[in-house]
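A.B. asks: predicted model follows, preceded by the sequence.
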Amino acid sequence: SRPIAGGRPVVLVGLMGAGKTTVGRRLAALLDRPFVDADAEIERAAGIGIADIFERYGEAEFRRGERQVIRRLLAGPPVVLATGGGAFMDDETRRAIRQNAVSVWLRCPLNTLLRRVAGRTHRPLLNQGNPRDILSALMERRHPVYAEADVIVDCSEEGVEQTTRAVAGAL
Ligand code: S3P
């Protein structure tokens, strides 16, 4: 039978709260592949949390680290990779993903995203104002770019299991 995703990495993209990490973990288990979270790898490489990276070094420096980490992960054995919401917006990172992986956009309505990110403080971009305003502005800017993903899956109201199956079915 055909190997899943042609043996390439599967990369989940989408906004904060879309469920990239949660669905990614489930999908990796289902496909019997390792799961890697890009944000966690960046934190590990930097030795500090994402919020601290933004605060001390700024977003541009975070994106540089993100680019490096993702490029390295794409070159290794085929994993399921959850990326931070801004990763696919970076031209170089997006090019690397499109060349080396199958990309999946987890598309979710604003209210679902808001519900999931409520009360979290580890996302520096959401601490700069009203989360609804920030997310809807990000949505407007990012959705046209996320739409370049190979596969688009709407996040299911029925939950993670359903969304995971929808992704697996589309690979
Ligand atoms: C970001 C999303 C975050 C993290 C960083 C920036 C973004 O990841 O990478 O805070 O630009 O949307 P999640 O999408 O996993 O929250």
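C.D. replies: Nice, thanks for sending it over. Residues are numbered from 1 along each chain as shown.
A.B. asks: ok, Leu110 - contacts?
C.D. replies: Listed by Cβ atoms under 8 Å, 6 or more residues apart in numbering, the contact set of Leu110 reads 132, 135-136, 139. Where you see a C-beta, it was placed from the backbone N, CA and C, and this is true even at glycine.
A.B. asks: ignore what I typed, I meant Pro131.
C.D. replies: Contacts here follow Cβ under 8 Å, 6+ apart; on that basis Pro131 touches 114, 117-118.
A.B. asks: pLDDT, neighbour count and distance to the ligand added to these, as JSON lines?
C.D. replies: Compiled in JSON lines, these are given as follows (pLDDT from 0 to 100; neighbours: other Cβ atoms under 10 Å; distance: Cβ to the nearest ligand atom, whole Å):
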{"residue": "Leu114", "pLDDT": "94", "neighbour count": "18", "distance to the ligand": "13"}
{"residue": "Val117", "pLDDT": "92", "neighbour count": "19", "distance to the ligand": "7"}
{"residue": "Ala118", "pLDDT": "86", "neighbour count": "10", "distance to the ligand": "13"}
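A.B. asks: out of those, who's nearest Ile53?
C.D. replies: Ile53 has its nearest neighbour among the contacts of Pro131 in Val117, at 18.6 Å by Cβ to Cβ.
A.B. asks: give me the neighbour count for the closest residue to the closest one other than its chain neighbours.
C.D. replies: Distances taken as Cβ to Cβ, 6 or more residues apart in numbering place Gly17 nearest to Val117, at 4.2 Å, with adjacent residues excluded. Using other Cβ atoms under 10 Å, Gly17 has 23 neighbouring residues.
A.B. asks: in the chain, what residue lies closest to the ligand?
C.D. replies: The chain approaches the ligand most closely through Gly84 (2.1 Å), counting by Cβ to the nearest ligand atom.
A.B. asks: wait, that residue touches Asp39, no?
C.D. replies: Yes: look at Gly84 against Asp39 with Cβ atoms under 8 Å: they come within range, at 4.8 Å.
A.B. asks: tell me the helix or strand right after the helix or strand harbouring Pro144.
C.D. replies: Per DSSP states H and E, Pro144 falls inside helix 131-146. Using DSSP H and E, the next helix or strand after helix 131-146 towards the C-terminus is strand 151-154.
A.B. asks: contacts for that following strand?
C.D. replies: Residues outside strand 151-154 that contact it (Cβ under 8 Å, 6+ apart): 102-108, 163, 166-167, 170-171.
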